[in-house]
Structure formats: structure tokens, C-alpha cells
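A.B. asks: Fold the stuff below for me.
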Amino acid sequence: MEIRFLGGTHEVGRIAVAVKTEKAQVLLDYGVMINHEPGFPMHIPPKEVDAIILTHCHLDHSGAIPVFHIHGRKPVYLTKLTAELSQLLISDFIHLSSYYLPFEYLELKTMMRNCVYLNFNEEATVGDIKFKFLNAGHVPGSIQILIEAEGKRVVYTGDFNTVRTQLLDGAFTDYGEVDAFIIESTYANEEHTERKTLEKEFVESVVEVVERGGTVLVPAFSVGRSQEIACVLAAHHFEYPVVLDGMAREASRIMMNHPKFFRDPKLFIDAVHSTDWVEGWRDRRKATKKSGVIISPAGMLKGGPSAFYISKVGKKAQNAVFLVSYQIPGTPGRELLEKGRCVIDGKIRKVKAQVKHFDFSSHCGASELRETVEKLEGDPTVYVVHGAEGNCERFAKWIKKNVGFKAVAPKAGDTFTV
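C.D. replies: Numbering: from 1, shown residues only. Next comes the predicted model:
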């Protein structure tokens with residue numbers, strides 16, 4: 001069996017891995033890099049690909065899949081929830097970046113018609129490749145992929161999180177013996193705050209601001225983070241108004257049709273029902289004038305309604321902006337965190353509101369990544385991907401030294417035989 005890395009090596013974004021046997025070739029994810037113009041993984045001729053298996057809806061994993069539906073009809077294996085969320089995100093991506101893309105809405109439609117739905121722990125076969133979906137605990141509907149072919153067992157984690165959250169159960173890690181293990185390394189050099197402590201601190205900070213008559217803006221990713229913040233507030237019996245805006249509304253509506261993917265479906269449904277959904281500009285302006293919480297994309301303040309909210313909420317010292325997502329260098333959110341300023345009314349101004357960052361990550365932190373590898377059975381080669389700023393090499397080195405497995409941080413284009 002051959003594994004070829006087409007993207008997402010030594011970087012976070014545009015991940016794609018091709019797995020090839022005598023009789024078949026499948027692609028694990030085929031994402032984009034979101035910069036000023038989208039970056040794609042290495043090209044692979046569509047006629048050589050038998051199927052695509054998608055771990056989750058985020059664009060750095062899903063965004064380039066419609067390329068395989070320009071002339072063809074490649075099956076895409078995924079959970080039904082991932083399919084519906086991917087349609088939402090890719091459709092928005094086409095809307096914002098169509099000038100740079102080799103595909104249009106038509107190809108997205110063709111992709112949706114060729115989806116094959118599987119649930120957690122369900123198996124399927126393409127040629128002589130058998131694969132199974134395992135819970136990844138990353139975002140609702142996300143999976144890890146266990147592949148069995150030619151007497152070998154390979155696991156690809158995709159993005160995963162072994163820590164249980166208010167939204168999801170932690171990832172499944174009881175893989176049995178494996179020959180190759182492809183693992184993300186986004187936070188290979190960073191620990192996350194313990195979840196209970198983090199939630200308590202977050203809710204207490206929110207209550208403090210709201211009780212003094214302030215408004216808390218929580219810029220959050222539409223898929224996963226927005227819903228988790230709503231669940232955290234509901235689980236802690238937060239009694240003040242919570243407003244939900246932007247694409248987070250549509251994502252929540254989709255998720256409510258798939259309650260089985262959630263750790264506590266009742267908590268999730270109650271949390272979403274207890275939020276007020278913004279229906280238009282009138283609601284938006286009203287939300288900024290009353291004390292409560294506004295959950296709104298974009299998570300890094302790059303566009304979306306949160307860009308409007310920051311210009312209103314940021315002007316007053318009694319308000320707060322609580323960032324709950326990773327802030328990529330160069331984004332308005334990172335600028336706000338580091339320099340306390342943001343674009344308000346078209347000018348860069350000092351933000352008077354209180355600004356804080358809460359590390360609600362949906363990825364494993366360094367200890368969880370290490371524990372996952374230490375628990376592996378058999379004598380696998382570990383391939384470290386999906387990490388920036390030297391994290392892939394750093395983690396591979398740690399694995400060799402501390403666990404004794406062969407570990408590689410592949411480069412784009414590298415091919416390995418299992």
C-alpha cells in the first residue's frame with residue numbers, strides 16, 4: 001500500500017492524502033488554504049481516484065473536493081451531517097472566492113449528489129480498500145478513518161480531540177494494532193487549559209460583564225464553536241439573553257436535524273432554543289444596546305456580522321470582546337489581542353471594551369497528542385502532518401526519542417510504502 005502526501009505537510013491547510021493499493025486509490029480529504037487567494041493541494045488526475053473520504057466540513061479539509069466533479073462523478077464518503085455542513089461552507093466559499101476557483105455551484109451540486117453517508121463505526125469498501133469511520137471529537141459529524149488493505153491497517157486522525165466537551169464526546173482512540181498512523185500536530189507545542197476550569201472562568205467573566213450592564217461579543221466559528229459556547233452557557237444555567245447571528249444560525253439549524261452526533265442531544269437542542277436568532281439589521285442594532293451575549297462569526301473578526309458588532313460593542317468600556325477561537329497572525333482578531341485595536345467606523349482605533357482570549361480548542365493539545373501516540377499498539381510508522389511553525393518536525397522528533405516508533409514529517413509529494 002502506498003501513501004502519498006499532497007498537502008497539509010509542514011502547514012495547516014489544504015490537507016490531502018492519497019492511499020493507493022493494487023486495485024484502488026482513495027483520497028483522504030482534499031482541502032484549500034485560505035489566503036488572499038486560495039491555495040490547493042498537489043494535483044492528482046481525477047481519473048486515477050476511485051473515491052474521496054472526507055473527515056469533516058472545514059474548508060482546509062473539504063474546500064477543493066468539487067474539483068473532482070467538474071467532469072466526473074466521484075463518490076464522496078462522509079457522515080450526513082458533514083455533507084450538509086460542507087455544502088454550507090463550500091457554497092459560502094464559492095460566493096466569496098469564485099474568481100479564483102476552478103469550480104462553481106454546479107460542481108458543488110454534483111458533489112452533493114455523489115455523497116455516500118456512513119455513521120460512526122460503519123464500514124465500506126472501495127476496490128480492495130476497506131475503511132471504517134471512528135468518532136474524531138473535533139466538530140459535529142467529524143471522523144477519523146481506519147483503512148484496511150493488503151493485510152495492513154492505517155489510521156488517519158484528521159483533526160481530532162480526545163477531550164470531552166459540552167458539545168461532543170472525545171475521540172475514539174482504541175485502534176488496535178496499526179502499521180501506519182497519520183496524525184495532526186496543530187498544537188504539538190501547546191497545552192490547552194483544562195476544560196472545566198476554562199468553562200468556569202469564561203462563564204464567570206461573562207456574568208460579571210453582563211451584570212454591570214455590558215454586552216459581551218463572542219466572535220466564534222459558525223460550525224462547532226458557536227454551538228459549544230451556547231452549550232457552555234446553558235450547562236452553567238446562564239440566565240441572561242444570548243443572541244446568535246451569521247452563518248452560525250444556519251449551521252445550528254442543520255445540526256438540530258442530527259442530534260445523534262452530540263454528547264448530550266437534549267443540552268444541545270435546549271441551548272440552541274434558548275438563543276435569540278438575529279433576523280436582520282434591526283435585531284443587530286438592538287442586540288448591541290442591551291446587556292447579554294452576542295455569539296457571531298467570523299471567529300477571527302474577519303468579516304461576518306462580528307465585524308459590525310465590534311464597531312459598536314468595542315467603543316464602550318463596560319462591554320467585552322471574548323475571543324474563543326485561535327487567532328491566525330495577520331487577522332483582525334490577532335491584532336485586537338496583541339495591540340488592543342480594531343477597525344471601527346473605517347478607522348483603526350483603540351478598543352475600549354475589555355478583551356480576553358479563552359482557549360476553547362477543538363484540537364488535541366500537546367499532552368493529548370502524546371498520549372494518543374504512546375497508546376498505539378503494534379509497531380507503526382507515524383506520519384506527522386497539519387502543523388505549522390515547525391510543529392510537524394518537533395512532534396516527529398519527540399515520538400522517535402520518547403516512544404521509539406519510526407516517525408516522519410513528510411513533505412508535499414512524498415510517497416511511502418506500508
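
A.B. asks: Mind checking what secondary structure the nearest residue to Met247 once chain neighbours are set aside has?
C.D. replies: Nearest non-adjacent residue to Met247, counting by Cβ to Cβ, 6 or more residues apart in numbering: Ser222, 3.9 Å away. Backbone N, C-alpha and C define where each C-beta goes, glycine included. The local conformation at Ser222, judged by DSSP: H, G, I helix; E, B strand; the rest coil, is coil.

A.B. asks: For the stretch 201-350 of the chain, which segments count as strands?
C.D. replies: 215-219, 242-244, 276-277, 292-296, 320-323, 341-344, 347-350 (DSSP state E, counting those that start in this stretch).

A.B. asks: Can you tell me how far the residue located most distally from the centre of the chain is from Glu22?
C.D. replies: Residue farthest from the centre of the chain, counting by Cα atoms, centre = their mean, is Arg212 at 34.1 Å. Arg212 sits 68 Å away from Glu22, going by Cβ to Cβ, to the nearest Å.

A.B. asks: cool, His36 as well?
C.D. replies: Counting by Cβ to Cβ, the gap from His36 to Glu22 is 42 Å.

A.B. asks: And the helices in the stretch 301-418 of the chain?
C.D. replies: Per DSSP state H, counting those that start in this stretch, the stretch 301-418 of the chain carries helices over the ranges 305-313, 332-339, 366-374, 391-402.

A.B. asks: show me the contacts for Thr110.
C.D. replies: By Cβ atoms under 8 Å, 6 or more residues apart in numbering, the residues touching Thr110 are 66, 69, 73.

A.B. asks: Who wins on neighbours among those residues?
C.D. replies: Neighbour tally across those (other Cβ atoms under 10 Å): the maximum, 26 neighbours, falls on Pro66.

A.B. asks: That one: what secondary structure?
C.D. replies: When the rule is three-state DSSP, Pro66 gets the label helix.

A.B. asks: Model confidence at His258, what's the number?
C.D. replies: His258 carries a pLDDT value of 97.

A.B. asks: Could you do Lys400 as well?
C.D. replies: 97.

A.B. asks: ditto for Gly72
C.D. replies: pLDDT, Gly72: 85.

A.B. asks: what about it, how many residues close to it?
C.D. replies: Counted with other Cβ under 10 Å, Gly72 comes out at 12.

A.B. asks: Please give me every residue in contact with the residue nearest to it when sequence neighbours are not counted.
C.D. replies: Beyond its immediate neighbours in the sequence, the residue positioned closest to Gly72 (Cβ to Cβ, 6+ apart) is Pro46, lying 5.1 Å away. Contact analysis of Pro46 by Cβ under 8 Å, 6+ apart lists 67-68, 70-72, 74.

A.B. asks: Can you give me the distance of the residue most central in space within the chain to Ala230?
C.D. replies: Nearest to the mean C-alpha position of the chain, counting by Cα atoms, centre = their mean, stands His58 at 5.1 Å. Taking Cβ to Cβ as the measure, His58 and Ala230 are separated by 19 Å.

A.B. asks: and if you look at Pro66?
C.D. replies: Applying Cβ to Cβ to Pro66 and Ala230 gives a distance of 31 Å.

A.B. asks: go on, Asn135?
C.D. replies: To Ala230, Asn135 is 21 Å away according to Cβ to Cβ.

A.B. asks: Which one of those two is surrounded by more residues?
C.D. replies: Neighbour count, other Cβ under 10 Å: between Asn135 and Ala230, Ala230 has more, with 29 against 21.

A.B. asks: what pLDDT, on average, does stretch 157-165 get?
C.D. replies: Across stretch 157-165, the average pLDDT comes to 97.

A.B. asks: and stretch 330-337, average pLDDT?
C.D. replies: 89.

A.B. asks: I should have written stretch 289-309 there, sorry.
C.D. replies: For stretch 289-309, mean pLDDT is 93.

A.B. asks: What is the linear distance spanned by that stretch between its boundary residues?
C.D. replies: With Cα to Cα, to the nearest Å as the measure, stretch 289-309 spans 11 Å from end to end.

A.B. asks: List the buried residues for it?
C.D. replies: Neighbour counts over stretch 289-309 (16 or more other Cβ atoms under 10 Å) mark 291-302, 304-309 as buried.

A.B. asks: ok, now stretch 140-150?
C.D. replies: 140-149.

A.B. asks: partner residues bridging Lys132?
C.D. replies: Beta bridges link Lys132 to Glu123, Leu146 when assigned by DSSP bridges.

A.B. asks: List the contacts of Gly137.
C.D. replies: By Cβ under 8 Å, 6+ apart, Gly137 lies in contact with 160-165, 168-172, 362.

A.B. asks: The same query, at a cut-off of 6 Å, please.
C.D. replies: 160-161, 168, 170-171 (Cβ atoms under 6 Å, 6 or more residues apart in numbering).

A.B. asks: mind listing the helices for the stretch 51-200 of the chain?
C.D. replies: 59-62, 80-97, 105-113, 195-211.

A.B. asks: what angle separates the longest one from helix 105-113?
C.D. replies: Comparing the axes of helix 80-97 and helix 105-113 via axes from the mean of the first three to the mean of the last three Cα atoms, to 10 degrees yields an angle of 170 degrees.
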